[in-house]
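whatever this is, show me its structure:
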Amino acid sequence: MKRLSLLFTTLTALSCLTWADDWQDVLNDADGQTVYFHAWGGSQPINEYLSWVADQVEQEYGIQLEHVKVAETGAVVSQVLSEKTAGRDDNGSVDLVWINGENFAAMKANDLLFGPFTHNLPNYAWVDTENKPTTRFDFTTPVDHLEAPWGMAQLVFMYDSARLENAPTSMTQLLDFAHSNPGRFTYPAPPAFHGTTFLKQALLELTETPDALYQPVEQADFEAVTEPLWTFLDEMHPLMWRRGQTFTNGAPEMQRLLADGEIVISLSFNPNDASNAIANGELPDSIRTYVHDAGSIGNTHFVAIPYNSSHTAAAQVVADFLMSPQAQARKANTDVWGDPTVLSMDKLNAEQRALFDALPTGVATLPPDELGSVLREPHTSWVGALEQAWLERYAR
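Numbers count the residues shown, from 1 in each chain. Below you'll find the predicted structure:
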């Protein structure tokens, strides 16, 4: 028995040494490489954060990080797919991409991804895979270590507490609010991200068959499952801002309407958004955040490496750095970005936890225990079907 125990200990030690040697080889290969990181460029705080990341990986690893600003990740997926179709299986133009949802599902389905690799990254050990299942399932698609979790997101609603004493905590109550306060609510027109998210949240709350949303849409009776959603929206739209004849084009316009007092309730996919906007003078300090009693949609956003990346070693090192306690704590800082961490505080040592304990608490940010339960995203196939059905009914 002692011999078996000694053998197991020896094999474990050798395995650790091999892993360390392998990671050192990745670090050696990464030195001097350039990573073209295709990521959304529509937020100045996020752009500034990525500029800080670029400085850090250059100083620590000798990597040049170039932020290629994109408006729509789907265009990046199409670019990689076009390269594969053309036979460009090496020296691809994209080294790293900010991704999740249907875009990840499309890349995985078309064999456009490098890996699996995330289980080999040192900082992946700190990720809260046990209590944050969305780090393992991107919407309903198994991640299978083909993308590295980078940040968390959860739908929250924002309201002006100077004009509304009690915020509605369900879709039914939101409709009651609209009846009592016509013109004071709206949502972005799908396929704008926040608009589609509002549709999914409403459907999850209102449908009598929510389990159907976690299967491919082709397997469901679409009309029966979604009928309560259209009934709700048919009644809601005439009560909305501009009588539902005009919709906003996204979250920035929603925030402006909330700041100007044209609407009283808005929404965001970042629980720290309201606090960030108050700190920047973009929203009045009477704005507060709330969630619905049934929970709210949440997901994880990731970074992935295309199969034909020119510099897979450096891309892995950047992905690993983005999961480090140092980078995650800075990203979670509402003075920097305010994007929630993917890490487990229980897995960190005291020094690492102190980075998060020292973070400022925004005036409008809900504490973690008040964010309620996280509702998983529906199967990715529901996105296009819902958007198309909405456009057929309401687009003008």
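
show me what contacts residue 336?
By CB atoms under 8 Å, 6 or more residues apart in numbering, the contact set of residue 336 is 45, 48-49, 330. In this view, the C-beta of every residue, glycine as well, is placed from N, C-alpha and C.

next one: residue 395
Taking CB under 8 Å, 6+ apart, we find residue 395 in contact with residue 189.

reformat the contacts of residue 336 as CSV; add pLDDT and neighbour count.
Putting the contacts of residue 336 into CSV (pLDDT from 0 to 100; neighbours: other CB atoms under 10 Å) gives the following:
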residue, pLDDT, neighbour count
45, 88, 16
48, 97, 12
49, 97, 19
330, 96, 19
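
my guess is residue 232 contacts residue 175, does it?
Yes - between residue 232 and residue 175 there is a contact under CB atoms under 8 Å: 6.6 Å.

how does this structure divide into domains?
Under the assignment automatic domain parsing, the domains of the chain span 25-152+299-361, 156-298+373-394.

need those in JSON lines (columns: distance to residue 367).
Formatted as JSON lines, the domains of the chain follow (distance: least, CB to CB, whole Å):
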{"stretch": "domain 25-152+299-361", "distance to residue 367": "8"}
{"stretch": "domain 156-298+373-394", "distance to residue 367": "10"}
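
spatially central residue in the protein, please.
residue 301 (3.6 Å; CA atoms, centre = their mean).

isn't there a strand covering that residue?
Yes - counting by DSSP: H, G, I helix; E, B strand; the rest coil, one finds residue 301 located in a strand.

and the closest residue to it other than its chain neighbours, its phi and psi?
Distances taken as CB to CB, 6 or more residues apart in numbering put residue 100 closest to residue 301, at 4.7 Å, once the chain neighbours are dropped. Backbone torsions of residue 100, given as degrees, to the nearest 10, read phi -170, psi -180.

burial count for residue 100?
26 (other CB atoms under 10 Å).

and residue 233, how far from residue 299?
Distance of residue 233 to residue 299, computed by CB to CB, to the nearest Å: 23 Å.

wait, I meant residue 291
For residue 291, the distance to residue 299 equals 15 Å [CB to CB].

what does stretch 22-41 rub up against?
With contacts defined as CB under 8 Å, 6+ apart, stretch 22-41 is touched by 46-47, 50, 57, 61-71, 73, 76, 93-98, 120, 122, 303, 310-311, 313-318.

inside helices: which ones of those residues?
Per DSSP state H, helices hold the following members of the contacts of stretch 22-41: 46-47, 50, 57, 61, 73, 76, 313-318.

of the contacts of stretch 22-41, buried ones?
With burial judged by 16 or more other CB atoms under 10 Å, the buried subset of those is 46, 50, 57, 61, 63, 65, 67-68, 70, 73, 76, 93-98, 303, 310-311, 313-318.

mind listing what residue 194 touches?
187-188, 250-251, 254, 267-269.

ok, residue 145 next?
115-119.

coming back round to it: could I get the ones in helices among the contacts of stretch 22-41 as CSV with distance to residue 144 and pLDDT?
Formatted as CSV, those follow (distance: CB to CB, whole Å; pLDDT from 0 to 100):
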residue, distance to residue 144, pLDDT
46, 27, 92
47, 30, 96
50, 26, 98
57, 26, 98
61, 26, 98
73, 19, 94
76, 20, 97
313, 21, 98
314, 22, 98
315, 18, 98
316, 16, 98
317, 21, 98
318, 20, 98
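
export those residues as TSV, with columns for distance to residue 286.
Below are those laid out as TSV (distance: CB to CB, whole Å):
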residue	distance to residue 286
46	26
47	29
50	32
57	40
61	45
73	35
76	39
313	50
314	46
315	44
316	45
317	44
318	40
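
and the closest residue to residue 209 other than its chain neighbours, what element?
Nearest residue to residue 209, sequence neighbours excluded (CB to CB, 6+ apart): residue 225, at 5.4 Å. Element membership for residue 225, per DSSP states H and E: helix 222-236.

next secondary structure after that helix?
Assigned by DSSP H and E, the successor of helix 222-236 is helix 251-260.
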